[in-house]
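S.K.: Structure of the sequence below:
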Amino acid sequence: MAYQWNDAVAPPVSNCERVPAERHPGLFAPYGYEGDIVVGGMVLCERPKAEVDAFHAETARKAEKNVTDWIQRQSDNGIAGHVSVVSDGEIATTEIGPTPITRRTKIPPDLLPYIVEIFNERDRLMEFTVGSEIGTPGWYSDRAKFTELAIEKVRARLQKDPVT
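M.R.: A predicted model of the protein is given here:
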């Protein structure tokens with residue numbers, strides 16, 4: 001058997017019996033209380049564990065199907081990336097559409113104090129080049145290339161006007 005809380009005023013769940021307070025004296029109600037265990041409008045019920053396990057398995061299957069269907073729709077619409085889903089405390093990451101190429105740009109150690117300026121420059125370059133001949137879809141989606149350009153520009157500015 002397994003316990004579950006149900007709405008005390010809703011119609012009873014099939015094959016679910018209310019748990020009497022005498023079974024757990026003093027835990028949910030004062031010692032000597034007779035009647036069902038009701039806390040905050042919820043009644044404690046019991047039903048066969050196999051039914052509860054089957055219900056949870058079906059709920060998980062439906063949730064997984066929802067995610068799978070959503071991923072397929074996004075892929076069909078040309079969206080690429082990944083989605084992370086938490087289940088039973090574990091995070092599962094699934095790719096959507098064609099696997100994106102991820103590039104990372106290492107910020108040179110001497111420019112770490114200027115990282116905010118580098119990212120601001122990168123964002124400015126990305127905004128400026130959208131729609132231009134440089135701003136092709138491949139270029140725009142590759143932030144690493146813009147970051148490399150921003151590093152060059154910030155370094156050039158610093159060499160031209162060094163901070164003392």
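
S.K.: Going by C-alpha atoms from here, please, whenever you check contacts or count neighbours.
M.R.: Noted.

S.K.: Provide the secondary structure category for the residue sitting furthest away from the middle of the chain.
M.R.: Ranked by distance from the centre of the chain (C-alpha atoms, centre = their mean), the top residue is Gly32, with 46.8 Å. Here Gly32 is recorded as coil under DSSP: H, G, I helix; E, B strand; the rest coil.

S.K.: For it, report the pLDDT, please.
M.R.: The model reports Gly32 with a pLDDT of 93.

S.K.: likewise Pro100?
M.R.: Checking the pLDDT column for Pro100, the value is 54.

S.K.: before we move on, back to that, what does the residue farthest from the centre of the chain show for phi and psi?
M.R.: phi 90, psi -10 (degrees, to the nearest 10).

S.K.: What's the local residue count around Lys62?
M.R.: Other residues within reach of Lys62 by the criterion other C-alpha atoms under 10 Å amount to 12.

S.K.: What separation is there between it and Asp69?
M.R.: Using C-alpha to C-alpha, to the nearest Å, Lys62 is found at 10 Å from Asp69.

S.K.: what's the answer for His56, then?
M.R.: Note on His56: its distance to Asp69, by C-alpha to C-alpha, is 20 Å.

S.K.: now do Pro20
M.R.: 43 Å.

S.K.: Any stretches of the chain with poor pLDDT?
M.R.: Filtered on pLDDT under 70, the chain yields the residue ranges 86-89, 97-104, 128-142, 162-164.

S.K.: Do a quick rundown of the strands in it.
M.R.: Applying DSSP state E to the chain gives strands spanning 2-7, 17-18, 38-39, 42-47, 81-87, 90-96.

S.K.: nearest to Lys106, of those?
M.R.: Closest approach to Lys106 among the strands of the chain (C-alpha to C-alpha): strand 81-87, 22.0 Å.

S.K.: When Pro20 and Asp69 are compared, which one has more neighbours?
M.R.: Using other C-alpha under 10 Å, the more surrounded residue of Pro20 and Asp69 is Pro20, with 17 against 12.
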